[in-house]
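K.L.:
need the 3D shape of this:
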Amino acid sequence: MAMPAETLNTNITTLGNARIPSPVHKRVHGTNGFAFVSDADRVLIDVTVNRACKTLADGTLPPSYELAGPRERIYFDPSKLKCALVTCGGLCPGLNDILRSIVLELHYGYGVRNISGVRYGLRGFIPRYGYDMMDLTPSEVVNIHERGGVVIGSSRGPQDVDEIVDTLERMNIGILFMIGGIVLATPGGGIMPLSNLQMELLGAAILVPTATAAWLLVGRARTA
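P.N.:
Purely as a prediction, here's the structure:
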């Protein structure tokens, strides 16, 4: 059973103050209609009008999520930032499309030049498997949406969080994009929530694109 929306904690932890002007600023007034959003912009979890009105009438704000979108100021300096992308779990349509979109936006939208693909899922973080990272450049990903599977590979099963964190720290990864079914493991062999990995990574961010986030949003209103 889904958790009641009223009991959800939807606050998003920040790494610090965002002081760097966003590189996408030059595109805001362009023909693509870019517009910045603020951290105060929210999206209702339950979009039923009468329930939202009742909550407001009771003197409380309806449960909501922070609105996604470009911020006017950002935390990481794109010229020094290193990003990594990993796909976990089984294959599904659109994984290459997600990789392509992230890489092209990081490169052309934000000016990030150091983007790595972690090979074969969470195994790619673990030294004993010996997998090399894959450089993800615009020329490398521009046509991957026409291919099946996923170009960086994937794998099922949990991996040790400490080893994942060690690898991310050695590589100096600032942002990790995790796509697909995410299963982590404790040293004792148990399952660890994704939030625990975020807490282990001081100074780094974990982003979960739509392919995974759709399964993680509890209490959301039905759209289909």
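
K.L.:
in the helix or strand I98 falls within, what counts as buried?
P.N.:
Counting by DSSP states H and E, the element that carries I98 is helix 95-104. By neighbour count on 16 or more other CB atoms under 10 Å, the buried set for helix 95-104 is L95, N96, I98, L99, R100, I102, V103. C-beta: built from backbone N, CA, C; applies to glycine.

K.L.:
tell me what it is packed against?
P.N.:
Counting by 3 or more CB pairs under 8 Å, 6 or more residues apart in numbering; DSSP states H and E, the packing neighbours recorded for helix 95-104 are strand 82-88, helix 138-141, strand 175-180, helix 210-216.

K.L.:
for T13, find the nearest of those.
P.N.:
Taking CB to CB as the criterion, T13 comes closest to strand 175-180 out of those, the separation being 14.2 Å.

K.L.:
what's in contact with that closest one?
P.N.:
Outside strand 175-180, the residues within contact range by CB atoms under 8 Å, 6 or more residues apart in numbering are 76, 81, 83-90, 92, 95, 98-99, 102, 121, 154, 168, 194, 201, 204-209, 211-212.

K.L.:
go again with 6 Å.
P.N.:
By CB atoms under 6 Å, 6 or more residues apart in numbering, the surrounding residues in contact with strand 175-180 are 83-89, 98, 102, 205-209, 211-212.

K.L.:
strands of the chain, start to end?
P.N.:
Taking DSSP state E, the strands of the chain run over residues 20-21, 42-44, 64-66, 73-74, 82-88, 114-117, 134-135, 159-160, 175-180, 184-185, 191-192, 205-207.

K.L.:
L56 is nearest to which of the helices and strands packed on helix 95-104?
P.N.:
With CB to CB as the criterion, L56 lies closest to helix 210-216 of these, at 27.0 Å.

K.L.:
pull the helix or strand with minimum mean pLDDT from the protein.
P.N.:
strand 191-192 (a mean of 44; mean pLDDT, DSSP states H and E).

K.L.:
so how many other residues sit close to L85?
P.N.:
24 (other CB atoms under 10 Å).

K.L.:
brain fart, M134
P.N.:
Look at M134: counted by other CB under 10 Å, it has 17 neighbours.

K.L.:
quick one: contacts for it?
P.N.:
Applying CB under 6 Å, 6+ apart as the definition, the contact partners of M134 turn out to be G117, R119, I152.

K.L.:
okay, and the beta partners of it?
P.N.:
Taking DSSP bridges as the rule, M134 bridges to G117.
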